[in-house]
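> whatever this is, show me its structure:
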Amino acid sequence: QVQLVESGGGLVQAGGSLRLSCVASTFSTYAMGWFRQAPGKEREFVAAISWNGYSTYYADSVKGRFTISRDNAKNTVYLQMNSLKPEDTAVYYCAARRISTPSKDIYEYNYWGQGTQVTVSS
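Coordinates of the predicted model:
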C-alpha cells in the first residue's frame with residue numbers, strides 16, 4: 001500500500017502562483033499524476049510524469065501554466081501552478097500508478113491522496 005499526502009493548497013488571487021507537493025510513502029518505479037475536482041464536476045486529469053521524469057503530460061487547460069516535476073530522492077512530486085485562474089479552483093489530488101509510464105486516464109492510477117484545496121479568487 002502506498003500513502004500519498006498532498007500539501008501546498010490555499011487561497012490565491014487570480015494571476016498568482018502556488019506549488020503543490022505530494023509525499024509518497026514509497027516511490028518505487030511509479031508514474032505520478034495530479035488530478036482535480038471542482039464542485040459538481042467529475043475528477044479530471046491535470047498533469048502526469050514518468051518515473052524517471054523524462055516524460056510529462058498536461059491537460060490543454062493548464063499547458064504553459066503548470067509544471068509537474070519529481071524528486072525521487074525525497075519521494076515527492078510537485079505541481080507548480082502559475083498564472084492561476086478562478087476556473088482552476090478545485091480539490092487537487094495526487095495519484096500513483098504501478099507502472100513507470102504516465103497516463104491521463106484516471107482509472108489507471110492505483111493510489112490516491114486525500115486532496116488539497118486550491119481556491120483562486122477573481
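> identify each buried residue in stretch 11-20, please.
Within stretch 11-20, the residues that count as buried by 16 or more other Cβ atoms under 10 Å are 12, 18, 20. Quick note: C-beta positions are derived from backbone N, CA and C, even for glycine.
> and the contacts of it?
Contact with stretch 11-20 is made by 6-10, 34, 78-86, 92, 94, 116, 118-122, as judged by Cβ atoms under 8 Å, 6 or more residues apart in numbering.
> just stretch 54-65 next, same as before
Outside stretch 54-65, the residues that reach it (Cβ under 8 Å, 6+ apart) are 44-50, 66, 68, 81-84, 87-88, 101-104.
> again with stretch 105-113
Under Cβ under 8 Å, 6+ apart, the answer for stretch 105-113 is 1-6, 22, 33, 35, 43-45, 93-99, 103.
> 10 Å instead?
By Cβ atoms under 10 Å, 6 or more residues apart in numbering, the residues outside stretch 105-113 that reach it are 1-7, 22-26, 30-35, 42-45, 48, 92-99, 101-103.
> what residues of that stretch count as buried?
Residues 108, 109, 111, 112, 113 are the ones in stretch 105-113 that count as buried (16+ other Cβ under 10 Å).
> same thing with stretch 68-75?
Buried residues in stretch 68-75, defined by neighbour count with 16+ other Cβ under 10 Å: 68, 70, 75.
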